[in-house]
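Visitor: The following block contains a protein sequence and its predicted model.
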Amino acid sequence: MLEFAILGFLFEARLHGYELRKRLAALTGHIRPIADGTLYPAIKRLVEGCLVIKNLEAGSIAAPRHMLELTPAGRDKLLRMLREPPEVFVTDENHWFCLLAFLRHLDDPAAQAAVLRRRLEFLSVPASFFYEDDHALSAEEVGDPFRRGVLEIARVTSRTELKWLDATIEELDELSGHSGVGN
């Protein structure tokens with residue numbers, strides 16, 4: 001997810017490491033703070049993979065700094081991942097939010113709608129955080145008020161996301177000239 005987010009932010013602009021770290025922290029830091037020991041090895045892997053270029057440039061006020069820029073191969077990789085995201089980007093909420101943050105870079109409304117349909121399909125399968133034998137427990141079946149809270153919050157969140165998905169898919173279908181029927 002970190003390398004994907006780096007590619008996403010560099011798709012938008014050339015950045016130096018500090019600015020990139022600030023943007024990453026704003027997107028994912030509340031989940032996983034971004035340490036230098038995590039960020040800079042990820043950048044190094046992307047540079048070694050020819051997905052990112054690192055240039056030393058004079059700073060306007062401070063010492064020279066490394067500017068990071070996406071290569072054409074990096075752009076292509078990001079667009080491929082947006083078009084055909086790995087399953088974890090559809091099923092894991094943190095990965096999903098990261099994917100949504102950059103899905104606008106995929107400039108084909110039909111392809112965007114296809115990604116949203118994958119999430120819609122995933123959310124349409126009944127699930128629970130808690131089970132009794134093989135039976136998924138609903139909030140009404142859980143006596144523990146804290147577990148019931150988890151299930152009630154998840155239910156409201158899922159309903160809101162489903163409503164947003166339906167409306168956004170409809171908008172994207174209109175933009176791409178599809179009716180949405182049979183898609």
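Guide: It's in.
Visitor: Which stretches in this protein count as helices?
Guide: 2-12, 17-24, 36-48, 72-83, 87-91, 93-102, 109-123, 145-176 (DSSP state H).
Visitor: Show me the contact partners of the shortest one.
Guide: This means helix 87-91. Here helix 87-91 makes contact (CB atoms under 8 Å, 6 or more residues apart in numbering) with 1, 4, 81, 95-96, 98-99, 115, 118-119, 122. In short, each C-beta sits where N, CA and C put it, glycine included.
Visitor: So residue 175 versus residue 42, what's the distance?
Guide: Between residue 175 and residue 42 the distance is 34 Å, computed by CB to CB, to the nearest Å.
Visitor: again with residue 170
Guide: According to CB to CB, residue 170 stands 37 Å off from residue 42.
Visitor: go on, residue 67?
Guide: Remark: distance between residue 67 and residue 42 (CB to CB) = 17 Å.
Visitor: again with residue 24
Guide: For residue 24, the distance to residue 42 (CB to CB) stands at 10 Å.
Visitor: what about those two, which has more around it?
Guide: residue 24 (24 against 16; other CB atoms under 10 Å).
Visitor: Does the more buried one touch residue 6 like I think?
Guide: Yes. Here residue 24 reaches residue 6: they are 7.2 Å apart, a contact under CB atoms under 8 Å.
Visitor: Distance of residue 109 relative to residue 103?
Guide: Applying CB to CB to residue 109 and residue 103 gives a distance of 11 Å.
Visitor: What count of nearby residues applies to residue 74?
Guide: 23.
Visitor: if I pick it, what's in contact with it?
Guide: Taking CB under 8 Å, 6+ apart, we find residue 74 in contact with 7, 10-11, 46, 50-52.
Visitor: Domains of this structure: list them as residue ranges, please.
Guide: 2-78, 108-176 (automatic domain parsing).
Visitor: looking at the ones you listed, which has the lowest confidence?
Guide: Lowest mean pLDDT within the domains of the chain: domain 2-78, a mean of 87.
Visitor: Start and end of stretch 81-94, how far apart?
Guide: 16 Å (CA to CA, to the nearest Å).
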